[in-house]
Every structure is written in C-alpha cells, then in structure tokens.
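Engineer: next comes the sequence, and after it the predicted model I'd like to discuss.
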Amino acid sequence: MAEFRFCPQCATPLSWLTQMEDGGEVMRLRCTACDFTHWNNPTPVLAGIVQVGDQILLARNAAWPGRRFALITGFMEAGETPEDGIRREIAEETNLQVSALKLIGVYDFQRMNQVIIAYHAVAEGQVRLSPELAEYKMFDFKDLICWPAGTGYALGDWLRTIGIEPKFMTWEERAAQSQEPNQD
C-alpha cells in the first residue's frame, strides 16, 4: 500500500506528529506548513457471493499468482450506494445481471486498510470475464472452502445462513495455492 509522503495541498513533506483527539494522543501524518492531515481512513470495498443457478461463481484475478479463486470485489465509487456498486462490479467483471441482493455483513480487512461490505447476489446471464479476471469456476455450495480473510469469513457466514457449516483452509493451504503452477 502506498504511503503519503508529501502534502497534496502544498507539496511539503509530511511528518508523523502527535495530536490530541477524542480518544487521546494519536500519531498522524501532518503537513507542518498548512496543517493538512492524512487521516488514512479505511477504503470501502464491495464483495459479492455470486450465485448463478445452484452454484457460486469464484474468480481468479489476472494479477494474482497461482490459482486462488475468490469473490467478485471492487471499490465503491463516489455517488453510488453499496448495493448499486456491487451490482455494477458484478456486471463489469462477469457480464452477469443481479436480480436479488442481500447484505451478509461488514468485515474488517486491516492488512489492506479496507472495510469489506459483502452481499449475496443472485445473478443470471452468460459469464464473460473482464480483462481484470483470468478465469472463473462454478462451485456447488457444499464444495466451497473458505479462506481465513475478510471475504472468506463473509462466504462462511453466508454458508451458515443456508445451513452449511463452512470449512476453512489454513493460511498454509492458502499460501500453497499461490505457489501452484497454473493448470488448465
């Protein structure tokens, strides 16, 4: 993740300074020339558990190593609701049209300084991936294996809502997936 180094208002180098806030003293990146503060607030990310018929679509990002498959995700854009945003992301990345949405939950993903807003989306149409995605797989509900991170926890929570106790892979298994050579 990129870190701010210079003030976006006056280009002065930012400094870590202590400031008093409601909860006490905190360190923030601040500009000593114009008092700009870089708050470093988490970014909202949308995630979709995309159901097509009786299966869940998981996709592999073209930039990822190995053969890790995950939920459809994307950043929320200014001026859109989370629901509109996940509909847009699913359509952009898979060409599928969402016919029903249900909020699953909100998940902490501090490693990337994100807050994930996850939905179950019932979708239909012919899958056509955007260049951002390399491939997809369709999974029966009972065959889904969750991963130990934000969107994996969302998938586990959704499985519980349909009466399936989720299976979680370990971090070691997740790391091994990223080491696998690409196979067809």
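Structural biologist: Received, thanks. Note that the coordinates shown come from a computational prediction; the quantities given were computed from them, not determined experimentally. Numbering: from 1, shown residues only.
Engineer: which non-adjacent residue is nearest the residue lying farthest from the centre of the chain?
Structural biologist: For the chain, the residue at maximal distance from the C-alpha centroid (C-alpha atoms, centre = their mean) is A33, at 35.9 Å. Spatial nearest neighbour of A33, chain neighbours left out: T12 (4.1 Å); criterion: C-beta to C-beta, 6 or more residues apart in numbering. No exception for glycine: its C-beta is placed from N, CA and C like everyone else's.
Engineer: how deep is the one you found tucked in, by neighbour count?
Structural biologist: 14 (other C-beta atoms under 10 Å).
Engineer: circling back to that earlier point, so what's the residue farthest from the centre of the chain scoring on pLDDT?
Structural biologist: Listed pLDDT for A33 reads 95.
Engineer: go ahead and confirm it touches S15.
Structural biologist: No. Taking contacts as C-beta atoms under 8 Å, A33 lies outside contact range of S15: 10.2 Å.
Engineer: next helix or strand past the top strand by length along the chain?
Structural biologist: Using DSSP state E, we find that the single longest strand of the chain is strand 97-109. Following strand 97-109 in sequence order, the next helix or strand is strand 114-124 (DSSP states H and E).
Engineer: care to break this protein down by domain?
Structural biologist: Listed domain ranges for the chain are 1-40, 43-179 (source: automatic domain parsing).
Engineer: would you mark the buried spots in the shortest one?
Structural biologist: Which is domain 1-40. Under the neighbour-count criterion of 16 or more other C-beta atoms under 10 Å, domain 1-40 has C7, L14, L29, R30, C31, F36 buried.
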